[in-house]
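here's my sequence, what's the structure:
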Amino acid sequence: MVYLKFFKFIFLTGIFLTCTLACTNAVPITNSSAKVYVQKTEGGFMLIRNDKPFEVKGAAGNSHLQELKEAGGNTIRLYDTIDLRKNLDAAHELGLAAIVDIPLPKHGDGSYFYEKDLTAAKRKISAVVLRHKDHPALLYWNVGNELYYPTFYQTTKFFDSFNSLVDLVKKTDPDHPVSTAIIGGNRRRLASVALKSPNLDLISINSFGNLTELKERMEPIKLLWDGPYVITEWGVNGPWEEARTMWGAPIEQNSVEKARILGDRYNTAAIQSPNCLGSVVFFWGTKQERTHTWFSFFWNNNKSETYNKIKSLWNKDPLAYNGPRMGPIKIEKLDARSNVILSTGVKTNATVSLEKSIPDSLKFTWEIRKEAWSKIEEQQPIEKDLILENSGENVVFKAPQEEGPYRLFVYVTDDENNFSTTNIPFYVLNPENGE
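The predicted structure is shown next:
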């Protein structure tokens, strides 16, 4: 406890001593002749694009752009520059803007990138920016995503190296803002970025479970930095934030719970702040992150209830959702928090309940996949020949012969291309294996 208080004292003292030197430069001077720029308002900030105020209503990813447009979205976030021209053209065709990430190595990843000569890297970055700076879909550049920006009092070449890359992008393209994306909720990191990289036009913040507390956590450094930002990733709790089984498998929320959480978090103080230029929901498409359904708005071109919810939020219209809605799966009446353990090859029952009556048009798809641990980004294949009887809300399956962690998934789709999904982790042990 003594050490913790001492650290807080050193941290706050450092901010106080540095504040008078850095505060005046915390928000860059507005270039009002640019195609896109940040403008100070009476109460906060706004983004100006093509001479008009622009609130980011965005989604991470580069698929299902027509659905994004129809939902009322206006921006996509691209995480790299692969096929950048093609992706920018696709966005522009639908009148969408694009936040473009310039990928960089993370600080402290062992590559010593920021300690090396950056001439070659600068040449590549300059070429990319020069090639695409005049594209009408470009909104702003993100120099690095979650770089683990070091604390301001550290002695490191990172600050000079990183700032030289920011300056390079700004010099090559003075018509668009430049930012970097940090993990939200870390006051030291936010303060460090504000202090050591005042040349950034805005800060991009990725925040999930701590989004509800983000504005409150930013208050103590308000005298140091009270500038513009975009929430560039937000959504349901990540796998790293959820409850786990006894073997470490995170418990995923179902589609109904996810839609409710999106509604709550969109209305948090951090997103509704006058300093917030908009937000980017995560993830617009299908993405494997512990499971292939955790953040995904789509499955086999079907839309989740989260799609309907974000459409309602962007349009400020409480749209009714008429698609399927279901509760959690239970295996032999046990839920995910009960740490379900099955014997190899055993015949087992599972059920899921729907909140509404079951129309004949609903289709239930059940499947079993191996657990994908955090270091395995690839989607795990469906285990074959394990679903024995599928009668909709009820399924009979055979536990796999190989020991280990698995998940049982169910998807319910209707004729309107809506879907609802949930899953339950379980573990398989061979009772004859005494090791």
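
going forward, measure contacts between C-alpha atoms and count neighbours the same way
Will do.

just give the nearest non-adjacent residue to residue 215, would you?
residue 270 (4.7 Å; Cα to Cα, 6 or more residues apart in numbering).

go on, residue 81?
Counting by Cα to Cα, 6+ apart, the nearest residue to residue 81 once its immediate chain neighbours are dropped is residue 102, at 6.7 Å.

one more: residue 137?
In space, residue 137 is closest to residue 97, 4.5 Å off (Cα to Cα, 6+ apart).

and that neighbour, how far is that from residue 62?
As for residue 97, its distance to residue 62 is 11 Å (criterion: Cα to Cα, to the nearest Å).

looking at these two, which one has more neighbours?
Shown here are residue 97 and residue 62; by other Cα atoms under 10 Å, residue 97 has more neighbours (24 against 20).

what sits opposite the more buried one in the beta ladder?
When assigned by DSSP bridges, residue 97 has beta-bridge partners residue 75.

hang on, it packs against residue 139?
Yes: counting by Cα atoms under 8 Å, residue 139 is a contact partner of residue 97 at 5.7 Å.

so residue 139 lies in a strand, does it not?
Yes: using DSSP: H, G, I helix; E, B strand; the rest coil, the assignment for residue 139 is a strand.

quick one on the thing from earlier: which residues do residue 97 and residue 62 both contact?
Residues touching both residue 97 and residue 62 (Cα atoms under 8 Å, 6 or more residues apart in numbering): residue 76.

okay, now the unreliable bits of this protein?
Within the chain, the stretches with pLDDT under 70 are 1-30, 374-377, 434-435.

let's see that with 80 instead.
For the chain, the stretches with pLDDT under 80 are 1-32, 185, 356-359, 374-378, 433-435.

quick one: the strands in the stretch 151-300 of the chain, in order.
Counting by DSSP state E, counting those that start in this stretch, the stretch 151-300 of the chain has strands at residues 178-183, 203-206, 229-234, 276-281, 298-299.

contact partners of the helix or strand following the shortest one?
Note on strand 298-299: by DSSP states H and E, the next helix or strand toward the C-terminus is strand 302-304. With Cα under 8 Å, 6+ apart as the contact definition, strand 302-304 has outside contacts at 255, 297-298, 413, 417-420.

now those residues as JSON lines including distance to residue 332?
Output for the contacts of strand 302-304, formatted as JSON lines (distance: Cα to Cα, whole Å):
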{"residue": "255", "distance to residue 332": "22"}
{"residue": "297", "distance to residue 332": "29"}
{"residue": "298", "distance to residue 332": "29"}
{"residue": "413", "distance to residue 332": "24"}
{"residue": "417", "distance to residue 332": "30"}
{"residue": "418", "distance to residue 332": "28"}
{"residue": "419", "distance to residue 332": "25"}
{"residue": "420", "distance to residue 332": "22"}
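
which of the residues you listed sit farthest apart?
Pairwise distances across those (Cα to Cα) peak at 14.6 Å, for the pair 255 and 417.

how about the helices in the stretch 1-150 of the chain?
Ranges of helices in the stretch 1-150 of the chain, per DSSP state H, counting those that start in this stretch, are 2-22, 65-71, 84-93, 119-132.

on that earlier part again, would you list the strands of the stretch 151-300 of the chain in CSV and tack on mean neighbour count?
CSV is the format used below for those (neighbours: other Cα atoms under 10 Å):
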stretch, mean neighbour count
strand 178-183, 24
strand 203-206, 24
strand 229-234, 26
strand 276-281, 25
strand 298-299, 22
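
out of these, nearest to residue 386?
strand 298-299 (21.6 Å).

domains of this structure?
31-315, 326-429 (automatic domain parsing).

looking at the ones you listed, which is buried most?
domain 31-315 (a mean of 19; mean count of other Cα atoms under 10 Å).

so how far is that domain from its chain's centroid?
Its chain's average C-alpha position is 8 Å from that of domain 31-315, according to Cα atoms, centre = their mean, to the nearest Å.

cool, and stretch 330-346?
31 Å.

circling back: same list (the strands of the stretch 151-300 of the chain) but as JSON lines, adding distance to residue 117.
Below are the strands of the stretch 151-300 of the chain laid out as JSON lines (distance: least, Cα to Cα, whole Å):
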{"stretch": "strand 178-183", "distance to residue 117": "21"}
{"stretch": "strand 203-206", "distance to residue 117": "26"}
{"stretch": "strand 229-234", "distance to residue 117": "30"}
{"stretch": "strand 276-281", "distance to residue 117": "34"}
{"stretch": "strand 298-299", "distance to residue 117": "43"}
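
can you check which of those gets nearest to residue 314?
Nearest to residue 314, of all these, is strand 276-281, at 10.4 Å by Cα to Cα.

counting by contacts, list what the longest strand seen in the chain packs against.
Determined from DSSP state E, the single longest strand within the chain is strand 418-429. Secondary structure elements in contact with strand 418-429, counted by 3 or more Cα pairs under 8 Å, 6 or more residues apart in numbering; DSSP states H and E, are helix 255-266, strand 302-304, helix 305-315, strand 326-331, strand 341-343, strand 404-413.

partners of that strand in the sheet?
Going by DSSP bridges, the partners of strand 418-429 are strand 302-304 (parallel), strand 341-343 (parallel), strand 404-413 (antiparallel).

CSV for the ones you listed, including distance to residue 384?
Converted to CSV, the strands paired with strand 418-429 look like this (distance: least, Cα to Cα, whole Å):
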stretch, distance to residue 384
strand 302-304, 23
strand 341-343, 18
strand 404-413, 13
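
picking that back up, to residue 317, which of the strands of the stretch 151-300 of the chain lies closest?
Residue 317 lies closest to strand 276-281 among the strands of the stretch 151-300 of the chain, at 17.8 Å (Cα to Cα).

which strand residues bridge the residue nearest to residue 81?
Judged by DSSP bridges, the bridge partners of residue 102 are residue 143.

which residues touch it?
By Cα under 8 Å, 6+ apart, the contact set of residue 102 is 79-81, 125, 141-144.

what about it, distance to residue 116?
For residue 102, the distance to residue 116 - Cα to Cα - is 18 Å.

then residue 208?
Counting by Cα to Cα, the separation of residue 208 from residue 116 is 34 Å.

and for residue 203?
Distance check for residue 203 against residue 116: by Cα to Cα, it reads 25 Å.

again with residue 193
In terms of Cα to Cα, residue 193 sits 21 Å off from residue 116.

and what of residue 291?
Residue 291 is 37 Å from residue 116, where distance means Cα to Cα.

equivalent analysis for residue 131, please.
Distance of residue 131 to residue 116, computed by Cα to Cα: 25 Å.

same thing with residue 210?
Counting by Cα to Cα - residue 210 and residue 116 are separated by 35 Å.

again, but for residue 292
For residue 292, the distance to residue 116 - Cα to Cα - is 37 Å.

over to residue 214?
Distance of residue 214 to residue 116, given as Cα to Cα: 35 Å.
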